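Q: structure, please.
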Amino acid sequence: MTSSKTTIQSITQQLANKLPPSLKSMLQANAKSRLLTRVDTVLMVFDAKIYDLANNTWRSVVLEEGRSPAESIASAAKELLEQHNSRPTVLLLLPSSEFIATQVNMPGVARENLRSALALQSAVQLPSYEQDLIFTVNPSAKSDASADIVLWTDEQKIDSLFEAFASHELFLTAVMPRALAATNTEDRTGAILISDEDATHLTRLVYRDGVLTHYLLLSKQDLADEEFERQWQEQCLALENEAGSVKNMAGAQDYTDLSLQVKPDLEYCFLPNGAKEARRQAEKGKRLSYLAAAAVLVLLLSSSPFLWQSFQLMRLESNLQALQVESQQAREDQEVVREFELSWGVLNEFPLQNISQTLLELQTVLNPSVLTSIEIDEGSMEIEGESPDPQSLLQQLEENPLFTGVDFARATNNNRYFIELSLSTVDFDAYRQWYFPDVRR
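A: Coordinates of the predicted model:
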């Protein structure tokens, strides 16, 4: 029985790996959505207090030596929710200072592959941060070419919170930046500026059509610097002009007034690993059903040659997109090298006529003839002189590998010769065509 179960799991995993990225992302999003719908309690940390938004009650978060901040928050949450009869399923709203926002621009990456591309580059996005980070981003297609806002947080802190809540019989489903709670009450078809302020930090974010477009965070201590304050005011004014409306969340009361209207944001919630594992265990049967349906779909596609070819084409396109994501850094490096070569090639590859070598080579061919005049211009030469046998001299020049295009420039007069030729080692026309294609001579 165990062997059969292992075989089924192996087959279903292989089928899951062969699904297109868009289908896998949809299944993962559906699973995350089902987990978030189980949330029945919204708690918020604000200025060393934890609030229950359902009834506007709070408890102090007391930081004690020997106890981690996660344990202090979980202990206060347990005291706050001690009247609950069943095990609460919690969405925890944390201050903006617990998160890091970055802007990324990946114009060559398909939207459905954005998360995969960020996962590949997570080590270089915030290289100075030594702890493991997890991120969230909304991969929805945008109408403009603006950068994506990616939110990061410490994975160990989130997992520590989950374990601390679990030790008090509380299930921490997800963690979300506090300021995003204010977006649930607005029409998501427009742009809204959320202004969040607590005792230590100021946050300004713009939320447009369900997507974060700006995320600014500033410690109040930095406002003591006049230049910092001026730049902050300028940025805030620019965001106010961009947004259609402004919502000020200057205290805990502004959030508690939202009450039950606060819902988890599917794209910007962080799921602890413990919650993900609980979701996987709870939905193992459903996942097997989905994969079985996918297996039937694969069998149906394979039964028709035309449909099978379509499926193969989709799979190859998916593999191509994955390879493009993996090679993104190499292509960027190659572009830098190419730009360097173009910048310096105009100097390094300038054709050198090497006049001294040319004259020495010409002397060996002309001897014992006499050279009275020579003109060299961009590899083209004209020589004039006297020779007992001009025709033989012309033939010797033609046979010399240094010269090409050898011909009489005009008719000889007795022993007088006029010969035009070119240096075979330089090509000014090719140089100009490569580096100055738009310049006409």
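
Q: so how far is residue 101 from residue 205?
A: From residue 205 across to residue 101, the span is 8 Å (C-beta to C-beta, to the nearest Å). No exception for glycine: its C-beta is placed from N, CA and C like everyone else's.

Q: higher neighbour count, these two?
A: Neighbours were counted for residue 205 and for residue 101 using other C-beta atoms under 10 Å; residue 205 has more, 26 against 17.

Q: can you pull out the low-pLDDT segments for the stretch 151-300 of the chain?
A: 185-189, 259-260, 282-290, 298-300 (pLDDT under 70).

Q: tell me the helices in it, going along the chain?
A: With helices called from DSSP state H, counting those that start in this stretch, the stretch 151-300 of the chain shows them at 155-167, 226-242, 252-256, 273-282, 284-302.

Q: which of the ones you listed sits closest to residue 417?
A: helix 226-242 (76.7 Å; C-beta to C-beta).

Q: got the buried residues for the closest one?
A: Of all the residues in helix 226-242, those buried under the rule 16 or more other C-beta atoms under 10 Å are 232, 236, 239.

Q: what pLDDT does the model give the nearest residue to residue 408 once chain neighbours are set aside?
A: Excluding the flanking residues, the one nearest residue 408 by C-beta to C-beta, 6 or more residues apart in numbering is residue 419, at 5.9 Å. Here the pLDDT value assigned to residue 419 is 87.

Q: does residue 419 really touch residue 397, like I thought?
A: Yes: if you go by C-beta atoms under 8 Å, residue 419 and residue 397 touch, sitting 6.7 Å apart.

Q: was I right to think residue 126 contacts residue 135?
A: No: taking contacts as C-beta under 8 Å, residue 126 lies outside contact range of residue 135: 9.4 Å.

Q: got phi/psi on residue 132?
A: The phi and psi values for residue 132, taken as degrees, to the nearest 10, are phi -70, psi 140.

Q: and it, what is it in contact with?
A: Residue 132 makes contacts with 154-156, as judged by C-beta atoms under 8 Å, 6 or more residues apart in numbering.

Q: mean confidence score for whichever helix or strand residue 93 is part of?
A: Residue 93 is part of strand 89-94 when elements are defined by DSSP states H and E. Across strand 89-94, the average pLDDT comes to 94.

Q: out of residue 126 and residue 135, which sits in the more crowded spot?
A: Neighbours per residue (other C-beta under 10 Å) separate residue 126 from residue 135, with residue 135 holding more: 20 against 15.

Q: please name the bridge partners of that one.
A: Beta-bridge pairing for residue 135 (DSSP bridges): residue 152.

Q: can you tell me how far the residue nearest to residue 408 is from residue 394?
A: As judged by C-beta to C-beta, residue 419 and residue 394 stand 6 Å apart.

Q: what touches both of these two?
A: Common neighbours of residue 419 and residue 394 (criterion: C-beta under 8 Å, 6+ apart): 406-408.

Q: what's the neighbour count on residue 166?
A: Neighbours of residue 166 under the rule other C-beta under 10 Å: 17.

Q: for stretch 212-232, measure first residue to last.
A: 19 Å (C-alpha to C-alpha, to the nearest Å).

Q: overlap in contacts, residue 126 and residue 135.
A: Common neighbours of residue 126 and residue 135, using C-beta under 8 Å, 6+ apart, are residue 152.

Q: is the residue nearest to residue 408 in a helix, a strand, or coil?
A: Put simply, residue 419 is strand when judged by DSSP: H, G, I helix; E, B strand; the rest coil.

Q: OK, contacts around the residue lying closest to residue 95 once chain neighbours are set aside?
A: With sequence-adjacent residues excluded and distances taken as C-beta to C-beta, 6+ apart, residue 95 is closest to residue 178, at 5.7 Å. Contact analysis of residue 178 by C-beta under 8 Å, 6+ apart lists 44-46, 93-96, 196, 249, 255.

Q: and which of the residues you listed is nearest residue 149?
A: Residue 149 has its nearest neighbour among the contacts of residue 178 in residue 96, at 12.7 Å by C-beta to C-beta.

Q: neighbours of the closest one, just the number please.
A: Using other C-beta under 10 Å, residue 96 has 25 neighbouring residues.

Q: isn't it right next to residue 179, touching?
A: Yes: between residue 96 and residue 179 there is a contact under C-beta under 8 Å: 5.7 Å.

Q: now do stretch 120-135: distance to the chain's middle.
A: Once both centres are worked out by C-alpha atoms, centre = their mean, to the nearest Å, stretch 120-135 turns out to sit 12 Å from its chain's centre.

Q: what's the first-to-last distance across it?
A: End-to-end span of stretch 120-135 (C-alpha to C-alpha): 12 Å.

Q: what do you get for stretch 55-67?
A: Taking C-alpha to C-alpha, stretch 55-67 runs 28 Å from one end to the other.

Q: in that stretch, what's buried?
A: The neighbour-count check on stretch 55-67 (16+ other C-beta under 10 Å) flags 58-59, 61 as buried.

Q: over to stretch 426-439?
A: Buried residues in stretch 426-439, counting neighbours by 16+ other C-beta under 10 Å, are found at 426, 428, 431.

Q: same question for that stretch, mean pLDDT?
A: Stretch 426-439 shows a mean pLDDT of 80.

Q: related to what we said a few turns ago, can you say which of the shared contacts of residue 419 and residue 394 are buried?
A: residue 406.

Q: let's have the shared contacts of residue 419 and residue 394 in TSV, adding secondary structure and pLDDT.
A: Formatted as TSV, those follow (DSSP: H, G, I helix; E, B strand; the rest coil; pLDDT from 0 to 100):
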residue	secondary structure	pLDDT
406	strand	88
407	strand	88
408	strand	87
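
Q: list residues touching both of residue 96 and residue 179?
A: Contacts common to residue 96 and residue 179, judged by C-beta under 8 Å, 6+ apart, are 196, 203.

Q: from residue 53, how far off is the closest residue to residue 184 other than its chain neighbours?
A: In this structure, residue 184 finds its nearest non-sequential neighbour in residue 263, 5.0 Å apart by C-beta to C-beta, 6+ apart. Separation of residue 263 from residue 53 (C-beta to C-beta) stands at 11 Å.
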